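Trainee: have a look at this fold, sequence not included:
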């Protein structure tokens with residue numbers, strides 16, 4: 001049995017960019033496994049008949065969305081400077097996966113998924129959107145006591161999952177209007193940006209949604 005005292009845990013912030021926009025969570029996990037092998041890092045493996053690299057990724061990003069704030073925890077069998085871990089990952093990353101900050105974290109810290117309490121998104125809309133009408137719909141939505149919705153045959157209330165929602169109008173010919181959202185992301189209580197768009201009468205396919213921040217419980221937010 002592997003001695004946990006010999007393990008070292010590193011948290012890596014990474015971006016999921018346009019080239020990986022339609023890469024699902026399972027394939028993203030496989031991309032991380034390949035990248036770690038190419039980086040020649042001393043990755044720790046799970047026990048059992050089919051050992052797997054010890055990697056935890058943050059909450060799955062809906063297909064078609066991009067992000068600048070994803071998190072991955074990786075366990076190594078040897079301590080290394082965070083700068084060296086980052087350098088090796090940067091040279092091994094596939095197109096569409098950008099490596100950001102790397103920092104050591106305590107082994108006993110809970111899994112990333114269980115620490116996330118809310119998530120920020122920006123949904124960029126077509127310039128043709130009637131922003132006055134949309135602003136009124138945002139105001140009415142926020143005034144609602146409940147927003148009954150159905151997902152996969154189960155009914156739920158979307159309203160308490162919307163912690164913040166505002167419309168930012170575009171400026172100039174190139175700027176698009178955008179909806180800024182902060183949605184709950186707790187176990188069993190997760191808001192989805194496409195559901196918010198539908199509640200506002202916006203077709204999700206017309207918006208480009210980008211995740212901008214993960215907020216963790218009892219720790220500093222990862223902006």
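Mentor: Done, it's in. Not measured: the values here are computed from a predicted model.

Trainee: for the chain, longest strand please?
Mentor: Longest strand in the chain, counting residues (DSSP state E): strand 66-76.

Trainee: give the other helices and strands that that strand contacts.
Mentor: strand 8-16, strand 55-57, helix 112-115, strand 208-216 (3 or more Cβ pairs under 8 Å, 6 or more residues apart in numbering; DSSP states H and E). C-beta coordinates here come from the backbone N, C-alpha and C atoms, glycine included.

Trainee: least confident of these, on average?
Mentor: Lowest mean pLDDT within the helices and strands packed on strand 66-76: helix 112-115, at a mean of 91.

Trainee: work out the gap between that helix and the centre of the chain.
Mentor: Centre-to-centre, helix 112-115 and its host chain are 11 Å apart (Cα atoms, centre = their mean, to the nearest Å).

Trainee: what's the first helix or strand after it?
Mentor: Next in sequence after helix 112-115, counting helices and strands by DSSP states H and E, comes strand 116-124.

Trainee: helices along this protein, start to end?
Mentor: Assigned by DSSP state H, the helices in the chain fall at 25-38, 82-92, 112-115, 131-143, 193-199.

Trainee: so of the ones you listed, which one's packed in deepest?
Mentor: Comparing the helices of the chain by mean neighbour count (mean count of other Cβ atoms under 10 Å), helix 193-199 ranks first with a mean of 20.

Trainee: show the average pLDDT along that one.
Mentor: On average, helix 193-199 scores 96.
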